[in-house]
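Participant: Dropping a prediction and its sequence here:
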Amino acid sequence: MKQLNTIHRNGVFPVSAEILYWESEGNPHALRGLFALEVVNNSFYEADTFEVRAALSAQKPPHQKSSWWLSQPEIMVNVTLTQGPLSRLLILGRVDDVVVDPVSDEIVLSGRDLTGLLIDSRTSGQAMQQYQNATASQIVTGLMSPFSPWFKANAITGTSQQVGSYFAGNFLYLFRNRSYWDIITWLAQTNVSAKGTPDPFVAYVSGAQLFFGPAPAPTGYYLLEWQTPAKGGYPHSNIEHITLAHNLTLAKDIAVTVMGYNPMVGRYQATASGKHNQGHTGGGSFSQSLYSSVGYQHFVYIANGLTKLQAQQMAQSKTKELSRHEYILRATQPGDLTLDPMQLVRLQGDLLPSYEMDFWVNAVTWRLSTHPQRFEMELWCKNHPTGSQVVL
């Protein structure tokens, strides 16, 4: 089991950042004069994001002019951090927004990893007709073909069931005018094994690779500790700040969709999500704000032969069932590149009903600033797998 390094109250760790950018068909350049950066690494189904702030005047000519940045049709960014012997690529992505502030001598680049390419590209029902008799992996491989200039050596696990065999008449209805990413994640969530039984996959982008296949096994444990002192004083902990949420009505971050086909009523789809029954005023409850920070997790059930009312009732029942046992953990501490988002986070101490509970990482936010000098990470975790999509 991996142990955390001893906490430093000022959060300063020896770390260096290498940020490369390059314009269309250009060579990479090093971004100079870094002020701050923030990278959010999500687990599955979502794009990672970044924001980089640097001094405009620190860039090499002609890049120190705002006109150069504002005239670029496309900019790619690569963020790599090094801490001691460890070096990690935090994100490879495309810039969505360029903001230049000549008064403050600042340039701000923000964007998403290469998932953004798939999110922004949409298809039509006509284009999907060629895949009616294809398997999920064949469809994903075909959809990724136009993006070969950006993606290299994708890891797509082969599947054997024809998608039309378990979507039936829903196939073109589902995939008409949808983003490529919607289709890929839907195929992952509703994958069926060679025996015809549910076998949910996950989909995510890392660097220049798309991963489509079974959820990877946790790579180990990252230990968080909190022990409340008996009589005042400081708690025994390696955490700077921690919040826990357990909603007593319905967890707002859970959504359940039940869909299928009934010859009597045709196609149907019903969705239920966590909605609080109690009214709140002002800024909302603590758990509302904490739950909203981690985003939705979408559980998918395919059940044919239901009525629309039965599908809605099933979606609501499953939402209550999944919400009842959910805890969300949010912890902030000095940045530690030994943390692998694929690890389980194990919380030990007296904060929860049980002494020890394991959490799956939903997202890690890395923040680095030079003035003041600080490197920290913020974990958002759930006590159930973040890739746990289900079908019936």
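Facilitator: Received, thanks. Numbers count the residues shown, from 1 in each chain.
Participant: State the pLDDT value of L250.
Facilitator: Per-residue pLDDT puts L250 at 60.
Participant: And the nearest residue to Q138 once chain neighbours are set aside, how far from T228?
Facilitator: Setting aside the residues directly before and after it, Q138 is nearest to Y131 in space (C-beta to C-beta, 6 or more residues apart in numbering), at 7.1 Å. C-betas here are computed from N, CA, C, even on glycine. Remark: distance between Y131 and T228 (C-beta to C-beta, to the nearest Å) = 56 Å.
Participant: same deal with A245?
Facilitator: From A245 to T228 the distance is 18 Å (C-beta to C-beta).
Participant: what does P235 give?
Facilitator: 5 Å.
Participant: Tell me which of these two has more neighbours.
Facilitator: P235 (14 against 11; other C-beta atoms under 10 Å).
Participant: That one is in contact with E225, isn't it?
Facilitator: No - if you go by C-beta atoms under 8 Å, P235 and E225 don't touch, sitting 9.1 Å apart.
Participant: Longest helix in the protein, please.
Facilitator: Taking DSSP state H as the criterion, the chain has its longest helix at helix 308-323.
Participant: Which pLDDT does the model give Y296?
Facilitator: 56.
Participant: any idea how this protein splits into domains?
Facilitator: 1-114+219-245+328-392, 118-206, 247-326 (automatic domain parsing).
Participant: where do the contact lists of P235 and E225 overlap?
Facilitator: The contact sets of P235 and E225 do not overlap (C-beta atoms under 8 Å, 6 or more residues apart in numbering).
Participant: Show me the beta-bridge partners of the residue positioned nearest the centre of the chain.
Facilitator: By C-alpha atoms, centre = their mean, the chain has its centre lying nearest to N42, at 2.6 Å. Per DSSP bridges, the residues bridged to N42 are A363.
Participant: same question, the one 10 residues further on
Facilitator: Taking DSSP bridges, one obtains L37, L109 as the residues bridged to V52.
Participant: I'd like the distance between it and L31.
Facilitator: V52 is 7 Å from L31, by C-beta to C-beta.
Participant: so A136 touches T185, yeah?
Facilitator: No - with contact defined as C-beta under 8 Å, A136 does not count as touching T185 (11.3 Å).
Participant: Compare those two (neighbour count), which wins?
Facilitator: Set A136 next to T185 and count neighbours by other C-beta under 10 Å: A136 wins out with 28 against 24.
Participant: That one and A194: what is the separation?
Facilitator: From A136 to A194 the distance is 12 Å (C-beta to C-beta).
Participant: So for these two, which residues contact both of them?
Facilitator: Q161.
Participant: where are the low-confidence patches of the chain?
Facilitator: 1-13, 125-127, 165-174, 232, 247-253, 261, 267, 274-298, 323-325, 385-392 (pLDDT under 70).
Participant: State the distance from the residue located most distally from the centre of it to L352.
Facilitator: In the chain, the residue that sits farthest from the middle, by C-alpha atoms, centre = their mean, is K231; the gap is 40.5 Å. Here K231 is placed at a distance of 22 Å from L352 (C-beta to C-beta).
Participant: Good, wrapping up.
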